[in-house]
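Student: After the sequence you'll find the predicted model.
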Amino acid sequence: MKNYTITVNGKSYDVTVEDKGGSGVSPVSAPAPAAAAAPAAAPAASGAAGGLRIEAGAAGKVFSIPTKVGDHVNAGDTVVVLEVMKMETPVVAPKAGTVASIDITEGSPVEAGALLATLNED
């Protein structure tokens, strides 16, 4: 099971998704548009800078990166803004921590599940 926090129009929804062993992201039934980007909290792969991964919840383009390595963020703070279906979609920190890495650049395309950044938890 994986836990996600999805923020839609400023309201946060906690959802749990069952991992069925596939390589893709399982669909989530929530009161949110299908294109909403959601951060994913999972252990980082070896070699990654931080222990908490922030991943794209949907395919899109990196619109802006309002944080930088070393910044402290609280749970719910915007780490990256994606453009998904011509809408600016914030990807937020699932927990408080320090930004350990930014793994994308502004304007770059991303797929759903792509690593955007990592955090070191407080």
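Tutor: That came through fine.
Student: Pull the residues that contact stretch 66-80.
Tutor: 5, 7, 12, 39, 49, 54, 62, 64-65, 81, 90-102, 104, 116-117, 119, 122 (Cβ atoms under 8 Å, 6 or more residues apart in numbering). C-beta here means a position set from N, CA and C on the backbone, and glycine is covered the same way.
Student: Now list the buried members of those residues.
Tutor: Burial by neighbour count, judged by 16 or more other Cβ atoms under 10 Å, picks out 5, 7, 39, 54, 62, 65, 81, 90-94, 97, 99-102, 104, 116-117, 119 from the contacts of stretch 66-80.
Student: Residue 121 and residue 100 touch, don't they?
Tutor: No: the pair residue 121 and residue 100 does not pass the contact test of Cβ atoms under 8 Å, sitting 9.8 Å apart.
Student: Is residue 57 in a helix, a strand, or coil?
Tutor: coil (DSSP: H, G, I helix; E, B strand; the rest coil).
Student: ok, how many other residues are close to it?
Tutor: When neighbours are defined as other Cβ atoms under 10 Å, residue 57 has 26 of them.
Student: What is the helix or strand harbouring residue 63 packed up against?
Tutor: Residue 63 belongs to strand 60-64 when assigned by DSSP states H and E. Helices and strands touching strand 60-64, as assessed by 3 or more Cβ pairs under 8 Å, 6 or more residues apart in numbering; DSSP states H and E, comprise strand 78-84, strand 109-110.
Student: one step back: list residues touching both of residue 121 and residue 100?
Tutor: With Cβ under 8 Å, 6+ apart, residue 121 and residue 100 have common neighbours residue 51.
Student: what residue ranges in the chain score low on pLDDT?
Tutor: Judged by pLDDT under 70, the chain has its weakly predicted residues at 1, 19-48.
Student: change it to 80
Tutor: Scanning the chain with the threshold set as pLDDT under 80 gives 1-50.
Student: Break down it into its strands, ranges please.
Tutor: Secondary structure of the chain (DSSP state E): strands at 2-8, 11-17, 52-55, 60-64, 72-73, 78-84, 87-92, 97-102, 109-110, 115-121.
Student: All set now, cheers.
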